[in-house]
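Visitor: Coordinates for the following, if possible.
(one chain, ligands or ions: 4)
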Amino acid sequence: MSETPHLSDRPVLVVDFGAQYAQLIARRVREANVFSEVVPSTMAASEMLAKEPAAIILSGGPSSVYEEGAPSLDPSLLEAGVPVFGMCYGFQAMVQALGGTVERTGLGEYGSTPAQVSDTESTLFNGQPSDQSVWMSHGDAATAAPEGMRVTATTSGAPVAAFEDDERRLYGVQWHPEVMHSTFGQRVLENFLLRGAGLSGDWTAHNVVESLVEQVKETVGDKHVLCALSGGVDSSVAAALVQRAVGDQLTCVFVDHGLLRSGEAEQVEKEFVEATGVDLVVVDAKEQFLNALAGVSDPEEKRKIIGREFIRVFEQAARDVVGSAERDGHPVEFLVQGTLYPDVVESGGGTGTANIKSHHNVGGLPDDLQFTLIEPLRLLFKDEVRQVGLELGVPEGIVWRQPFPGPGLGIRIVGEVTAERLDILRAADQIARHELTAAGLDREIWQCPVVLLADVRSVGVQGDGRTYGHPVVLRPVSSEDAMTADWTRVPYDVLAKISTRITNEVREVNRVVLDVTSKPPGTIEWE
Ligand SMILES: Nc1ncnc2c1ncn2[C@@H]1O[C@H](COP(=O)(O)OP(=O)(O)OP(=O)(O)O)[C@@H](O)[C@H]1O
Ligand SMILES: O=c1[nH]c(=O)c2[nH+]cn([C@@H]3O[C@H](COP(=O)(O)O)[C@@H](O)[C@H]3O)c2[nH]1
Ligand SMILES: NC(=O)CC[C@H](N)C(=O)O
Ligand SMILES: [Mg+2]
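Guide: Numbers count the residues shown, from 1 in each chain. Ligands and ions are numbered 1, 2, ... in the order given. Have a look, this model is predicted:
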């Protein structure tokens, strides 16, 4: 069982028609200080309306509205009095549902396209120039606007490129305002939210903290809570939030599973405990994890094992906490985790998305979980969590730390995880981290996994002799929220230094390679 927080009584729903990045639309809405959630287009209209949405946004999608089997728009969504904004496919679906015409015109537009706005005082375009550049990606177009709809923009391939109806509060654009390349995209979206839908834009880190603290208080009552604390951004912020809500009813548990980078356990104690005075238990579970992982090289299997062992450790910790004299026998019913929205989405827990990989704290959890999970950050993106952390006064050194995955080095060894391989990887990782920090690249780089290709060997020459060692991969990435990423262009001299040092100082490694894949198609971690 899990307590999913609610972050606003009346969310803006983004209806996902199979858009490449419906999440991106939700982010843009949140950037306008309005809470937003993504729902699949297959959700029943009645269920969507039951959420009492403050507004509805219809996303783009790969289908054509006139095709048989294309995802449909339930007309009741347009008649409920809720403000609606359609983009691309969502716009076309509105046109069709309201009695206009959508056709394949043979005049597709892809990429930056000039648009002419005919009314720069309209709800959507107020305060913008009449000539603007918009990002298009469509083969179909509206050739006749629905009756009663005012056409407020055109492009050469889309005679009806935007429409507005202030009375029914229905709006739409043929382009993608959520994409950065639409020069006034965010303004159009904000105009819809604030002017069209009349929302107040008061969803701020301050209000989020207040609301989450209240919810945690209410859920926990006078019970005792454990928090899985890794010292990373997410769990540190979650712990600080719960500490604010229930004070010393909180005990944090840090699991040393042997898959950590060098110096990690000490860092948690030094930084977080010092800053917050939180009660911390460090559990040495190195042997338990290594034994459980023996002989396993399949990535999903590793993730599931790690997720399961994590929970076993917490269960034992819960018994220890209850058993200890100062706890007056109150059972520990709750486990706090720093799960974020991307963890949920990628584990297939989002909106009908595929299971890419089971994040240990979501898809990797055992079925017989004894705790009620409290995941206050479950609907937030990383940058939002960082804002919440700053609001709570979490030290900046922790708030801006690079992410490190819960399963740790266990999913950075391609092949079986052994104590010896962990030592090799830890040594290589420490060098890479040291040099990247020394080069001042920590803020530019989102994170830089170092991956040991343990099942691959390559021939080298060192000291006039043949070596037969392993390659390690450097995977520096830049990202906004880990949902998409690009490989970071680390200066050659920094790469050269890392390579030289690793091959000189880590005997078993005789090759350093650079991963130059974006996400998608790659993911950030190799497993
Ligand atoms: N070594 C650990 N001990 C206890 N809990 C852990 C450990 N590693 C991960 N967790 C739990 O799993 C959750 C997810 O891990 P994840 O790495 O995504 O978050 P994080 O470590 O808190 O932050 P970051 O993403 O910045 O590393 C954490 O928030 C924490 O609750
Ligand atoms: O706590 C975690 N448990 C996991 O099981 C897990 N898998 C990936 N990651 C981190 O999530 C982000 C996205 O990673 P991927 O592109 O590899 O999916 C990156 O920041 C990864 O480091 C995890 N974090
Ligand atoms: N990006 C989109 O939403 C495309 C909509 C539709 N498939 C078209 O080609 O016009
Ligand atoms: Mg982490």
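Visitor: So what does the residue most central in space within the chain look like in phi/psi?
Guide: With distances taken as Cα atoms, centre = their mean, residue 342 lies nearest the centre of the chain, 2.7 Å away. Main-chain torsions, residue 342, degrees, to the nearest 10: phi -60, psi -30.
Visitor: which residues does it contact?
Guide: Neighbour list for residue 342: 381-382, 481-483 [criterion: Cβ atoms under 8 Å, 6 or more residues apart in numbering]. Glycine gets a C-beta too; all of them are placed from N, C-alpha and C.
Visitor: residues from the stretch 301-450 of the chain in reach of ligand 1?
Guide: 337-338, 343, 361, 401, 403-406 (Cβ under 6 Å from any ligand atom).
Visitor: Ligand 4 next: which of those residues are close?
Guide: Among those, the ones lying near ligand 4 by Cβ under 5 Å from the ion are residue 404.
Visitor: ok, of the residues of the stretch 301-450 of the chain next to ligand 1, which one's closest to ligand 1?
Guide: residue 338 (2.4 Å; Cβ to the nearest ligand atom).
Visitor: what residues are up against the spatially closest residue to the closest one that is not a sequence neighbour?
Guide: The shortest distance from residue 338 to any non-neighbouring residue, by Cβ to Cβ, 6 or more residues apart in numbering, is to residue 234 (3.1 Å). Contact analysis of residue 234 by Cβ under 8 Å, 6+ apart lists 338-340, 377, 382, 385, 403.
Visitor: pLDDT wise, what is the residue of the chain positioned farthest from its centre at?
Guide: Ranked by distance from the centre of the chain (Cα atoms, centre = their mean), the top residue is residue 464, with 48.3 Å. The pLDDT attached to residue 464 in the predicted structure is 85.
Visitor: Angles on the backbone of it, please.
Guide: Taking degrees, to the nearest 10 as the convention, residue 464 sits at phi 70, psi 10.
Visitor: Spit out the contact partners of it.
Guide: By Cβ under 8 Å, 6+ apart, residue 464 has no neighbours at all.
Visitor: And for residue 271?
Guide: Contacts of residue 271 by Cβ under 8 Å, 6+ apart are 231, 395, 397-398.
Visitor: so which of those is the most crowded?
Guide: Highest neighbour count within the contacts of residue 271: residue 231, with 24 neighbours (other Cβ atoms under 10 Å).
Visitor: nearest residue to that residue other than its sequence neighbours?
Guide: Closest residue to residue 231 apart from its sequence neighbours, by Cβ to Cβ, 6+ apart: residue 268 at 3.4 Å.
Visitor: The one you found: how many residues sit nearby?
Guide: Neighbours of residue 268 under the rule other Cβ under 10 Å: 22.
Visitor: do the same with residue 316
Guide: Neighbours of residue 316 under the rule other Cβ under 10 Å: 14.
Visitor: on that earlier part again, reformat the residues of the stretch 301-450 of the chain next to ligand 1 as CSV; add neighbour count and distance to residue 134.
Guide: Conversion of those to CSV gives the following (neighbours: other Cβ atoms under 10 Å; distance: Cβ to Cβ, whole Å):
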residue, neighbour count, distance to residue 134
337, 29, 41
338, 25, 38
343, 26, 33
361, 27, 39
401, 18, 38
403, 18, 34
404, 18, 39
405, 24, 38
406, 27, 41
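Visitor: And the residues of the stretch 301-450 of the chain next to ligand 1, which is the shakiest by pLDDT?
Guide: Across those, the bottom pLDDT score, 71, is held by residue 361.
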